[in-house]
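turn this into a structure:
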Amino acid sequence: AAETGTEPEAGADAAAPPAGWRLDDPASRAAFAWDGDAIAGEASVLARLDPYGGGRATLVRTFDGAGLALPAGGSIVVWIRARNPNVPAWQDGNPRFVLRDRSGRTATLLPKQDLLATPPSTEAREGWLRVEAPLEGGGNWTREGAALTEAAEIGIGFDSWGAPALEIRLDGLHLAPPPAGAR
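Here you go, the predicted structure:
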């Protein structure tokens, strides 16, 4: 399994049981479980969306207490492995990250291309795709919403053209500091 570096995972393994996850989509239902198919650590979080309503479904990890400090100039990183039986599969920009602070203010990170439909790299690690989005936007990401210093929730949104059941595995979710010398 690959390592995430020195940053602790914010969504998988013993530090965050699947009970910390929920689905934000009233037209769908999700069952969350640990899964031994992992790329960072011992387990990934598996979300089975069945039924899936066919619209934007956001898997949300909630953090107790003060939440997670968002590093200035940093990024959010996650490994994704998804099974979408629908053809042509994904639509409308995937994945989307939604960060919400304790007061309810949000910031959304939108990819400029659909990373699941057209991955930026043909390199895959047994079907896993590493996604890194700068918290301030830029590059291949657009940032909308409030300027946040902490996140009480991190949502990862997906949208498919059709409504067959989806399986989405998430692993190695963490906040990375800016690259050395960037700030």
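
quick check: closest non-adjacent residue to Pro85.
In space, Pro85 comes closest to Pro164 once its chain neighbours are excluded; the distance is 4.7 Å by C-beta to C-beta, 6 or more residues apart in numbering. Placement of C-beta: from N, CA and C, glycine included.

quick check on that neighbour: phi, psi?
phi -70, psi 160 (degrees, to the nearest 10).

what does Leu59 give?
Torsion angles, degrees, to the nearest 10, at Leu59: phi -90, psi 120.

show me what the longest strand anywhere in the chain is packed against.
Longest strand of the chain, by residue count under DSSP state E: strand 166-176. Contacts defined by 3 or more C-beta pairs under 8 Å, 6 or more residues apart in numbering; DSSP states H and E place strand 166-176 against strand 44-49, strand 57-62, strand 75-83, strand 153-158.

which residues touch the residue nearest to Pro85?
52, 84-86 (C-beta atoms under 8 Å, 6 or more residues apart in numbering).

how about a cut-off of 7 Å?
If a contact means C-beta atoms under 7 Å, 6 or more residues apart in numbering, then Pro164 has 52, 85-86 as its contacts.

what residues does stretch 90-105 touch?
58, 67, 76, 80, 84, 106-111, 114-117, 131, 133, 146, 148, 150-161.

check the separation of the first and last residues in it.
28 Å (C-alpha to C-alpha, to the nearest Å).

swap in stretch 64-83?
30 Å.

residues of it that come out buried?
Within stretch 64-83, the residues that count as buried by 16 or more other C-beta atoms under 10 Å are 67-68, 70-71, 74-82.

and for stretch 156-176?
156-160, 164, 166-176.

what average pLDDT does it get?
Averaging pLDDT along stretch 156-176 yields 94.

can I get it in CSV, CA atoms only?
C-alpha atoms of stretch 156-176 as CSV (Å, rounded to 0.1, in the frame of the first residue of the first chain):
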residue,chain,number,x,y,z
ILE,A,156,-16.7,14.6,-2.0
GLY,A,157,-19.3,14.8,-4.7
PHE,A,158,-20.0,12.5,-7.7
ASP,A,159,-22.6,12.6,-10.5
SER,A,160,-23.4,9.9,-13.1
TRP,A,161,-25.4,10.1,-16.3
GLY,A,162,-27.6,7.2,-15.2
ALA,A,163,-29.0,5.7,-12.0
PRO,A,164,-27.5,2.2,-11.6
ALA,A,165,-26.0,1.5,-8.2
LEU,A,166,-22.5,3.0,-7.6
GLU,A,167,-19.6,1.8,-5.6
ILE,A,168,-17.1,4.4,-4.5
ARG,A,169,-14.0,3.7,-2.4
LEU,A,170,-12.1,6.5,-0.8
ASP,A,171,-8.7,6.2,0.8
GLY,A,172,-5.8,8.4,2.0
LEU,A,173,-8.0,11.5,2.5
HIS,A,174,-5.9,14.2,4.0
LEU,A,175,-5.0,17.9,4.0
ALA,A,176,-1.5,18.4,2.6
